[in-house]
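Colleague: The following block contains a protein sequence and its predicted model.
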Amino acid sequence: SERASLKSELKHGVVSITEVIQDPPEFLQTAKIADVIMAAPKYGRVKAARIMERCRVSPSKTVGGLSERQRRELIAALEE
């Protein structure tokens, strides 16, 4: 339920995807990063997969399991 409301806020632009990845709330730690990216506007399955591949992040990786390098690269790619 918290996840669903966060995804809704992402979709409507209330919350920034980069803010969520930079400092994820506790309930989002076990969510798959692909699902979180796809919840943001303008990011579908293909675009999310392309960004994750470029940043060398596995599609099955969770938000809490991201390394600092992966987190930085994802944020940089999503801000472009």
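Modeller: Arrived safely, thanks for sending.

Colleague: List the buried residues for the lengthiest helix in the chain?
Modeller: Secondary structure assigned by DSSP state H gives helix 68-79 as the longest helix of the chain. By neighbour count with 16 or more other C-beta atoms under 10 Å, helix 68-79 contains the buried residues 70-71, 73-75, 77-78. Any C-beta I mention is one placed from the backbone N, CA and C, and that applies to glycine too.

Colleague: Could you single out the nearest of those residues to Leu10?
Modeller: Comparing those against Leu10 with C-beta to C-beta places Leu78 closest, at 11.4 Å.

Colleague: who's in contact with the closest one?
Modeller: Counting by C-beta atoms under 8 Å, 6 or more residues apart in numbering, Leu78 touches 17-18, 21, 37, 40, 51.

Colleague: Kindly reformat the buried residues of helix 68-79 as TSV containing pLDDT and distance to Ser5.
Modeller: What follows is these, written out as TSV (pLDDT from 0 to 100; distance: C-beta to C-beta, whole Å):
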residue	pLDDT	distance to Ser5
Gln70	95	25
Arg71	94	23
Glu73	95	28
Leu74	95	22
Ile75	94	22
Ala77	94	25
Leu78	91	21
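
Colleague: Looking at these, point me to the pair that's furthest apart.
Modeller: Most distant of the buried residues of helix 68-79, by C-beta to C-beta, are Gln70 and Leu78, 12.2 Å apart.

Colleague: Can you pull out the residues in contact with stretch 13-25?
Modeller: Under C-beta under 8 Å, 6+ apart, the answer for stretch 13-25 is 2, 6, 9-10, 28, 33, 36-37, 39-41, 43, 63-64, 66, 71, 74-75, 78-79.

Colleague: let's see it at 7 Å
Modeller: 6, 9-10, 28, 36-37, 40-41, 63-64, 71, 74-75, 78-79 (C-beta atoms under 7 Å, 6 or more residues apart in numbering).
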